[in-house]
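# What follows is a predicted protein model with its sequence.
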Amino acid sequence: MLAFTTLLAAQGLVVDVRNNHVGEQFRAAVASFAAPVLRSTAPRMMAEPIGVRRFLGDLEFLGPCRFIVQGSGAILEAVGAFDDMRMSETLKGSSLATVSVDDTFECHINLDRVQAAAFVTKAGANGKQLYIVRLLDAEDTSLLSVMLHAGAEGYEEGAVEFWTQLRDRFGDKVDLTATEKEEAA
């Protein structure tokens with residue numbers, strides 16, 4: 001994020017780095033600056049898997065997202081963002097990504113179980129296009145679906161464009177490496 005902050009400052013945009021919540025203007029500016037870089041590799045499938053930590057870090061600029069977990073008897077949905085993601089290790093040695101927004105939202109992602117990610121679009125109940133990133137396990141079962149969240153006035157400026165650029169860069173599905181392999185590289 002520091003590189004983007006520096007780039008935006010050079011363009012005359014002010015970014016308050018003390019605030020972990022990335023605002024609409026910042027996200028839109030990042031999407032416009034990232035577009036040429038992301039397009040230079042599109043459209044193609046990633047030849048090699050990338051690290052799950054790096055992939056999740058790229059989701060930071062999507063803005064508000066609806067986090068969805070579907071169990072056998074219930075579905076849990078909550079709105080959060082990847083703006084303030086932290087990595088840690090559990091006492092049992094598992095790698096976790098923790099995403100939180102204030103005291104109102106917290107999501108823990110077991111990085112050792114995430115093997116791939118898929119970019120999916122589909123029509124919503126009201127006819128609006130939905131933009132989804134699914135984190136998948138080794139059997140391609142969805143561990144977590146992360147859908148762009150549309151407020152009363154629609155999606156946040158630049159969010160759909162950034163989601164599309166990520167899909168163009170990674171392809172419809174990308175294999176993700178375990179944390180240990182990623183850190184050794």
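Structure received.

# could you pull out the helices for the chain?
Using DSSP state H, the helices of the chain run over 2-10, 24-39, 52-58, 159-170, 179-184.

# Mean pLDDT lowest where, among the ones you listed?
Here the helices of the chain differ in mean pLDDT, and the lowest is helix 2-10 at a mean of 37.

# Poorly predicted segments of this structure, please.
1-47, 179-185 (pLDDT under 70).

# tell me the contacts of the residue nearest the centre of it?
In the chain, the C-alpha nearest the mean C-alpha coordinate belongs to residue 59, at 2.2 Å (CA atoms, centre = their mean). The neighbourhood of residue 59, defined by CB atoms under 8 Å, 6 or more residues apart in numbering, consists of 65, 82, 133, 146, 166. In this view, the C-beta of every residue, glycine as well, is placed from N, C-alpha and C.

# Out of these, list just those in strands.
Among the contacts of residue 59, the members falling in strands (DSSP state E) are 65, 133, 146.

# my read: the first one touches residue 81, true?
When you say that, I think you mean residue 65. Yes. Under the criterion of CB atoms under 8 Å, residue 65 makes contact with residue 81 at 6.1 Å.

# Isn't residue 149 up against residue 67?
No. Residue 149 is not in contact with residue 67 according to CB under 8 Å; the separation is 9.3 Å.

# Could you name every residue contacting both of those two?
In contact with both residue 149 and residue 67: residue 79, using CB under 8 Å, 6+ apart.

# Would you mind measuring from the residue nearest to the centre of the chain to residue 69?
Using CB to CB, to the nearest Å, residue 59 is found at 16 Å from residue 69.

# And residue 120, by the same measure?
Distance, residue 120 to residue 69, using CB to CB: 16 Å.

# what does residue 81 give?
16 Å.

# Who has more neighbours out of the two?
A count of neighbours by other CB atoms under 10 Å puts residue 81 above the other of residue 81 and residue 69, at 25 against 14.

# Give me the nearest residue to that one, chain neighbours excluded.
residue 64 (5.4 Å; CB to CB, 6 or more residues apart in numbering).

# Please look at that neighbour and residue 146 and confirm they touch.
No. Contact between residue 64 and residue 146 fails when scored by CB under 8 Å: they sit 10.6 Å apart.

# and the two? which has more neighbours close in?
Using other CB under 10 Å, the more surrounded residue of residue 64 and residue 146 is residue 146, with 25 against 20.

# So that one sits against residue 69, correct?
No. Checked against CB under 8 Å, the pair residue 146 and residue 69 is beyond contact range at 10.4 Å.

# quick one: which of the ones in strands among the contacts of residue 59 is nearest to residue 87?
residue 146 (17.1 Å; CB to CB).

# What number of neighbouring residues does the closest residue to residue 69 other than its chain neighbours come out with?
Leaving aside its sequence neighbours, residue 69 sits nearest to residue 76 (CB to CB, 6+ apart; 4.8 Å). As a burial measure, residue 76 scores 10 neighbours (other CB under 10 Å).
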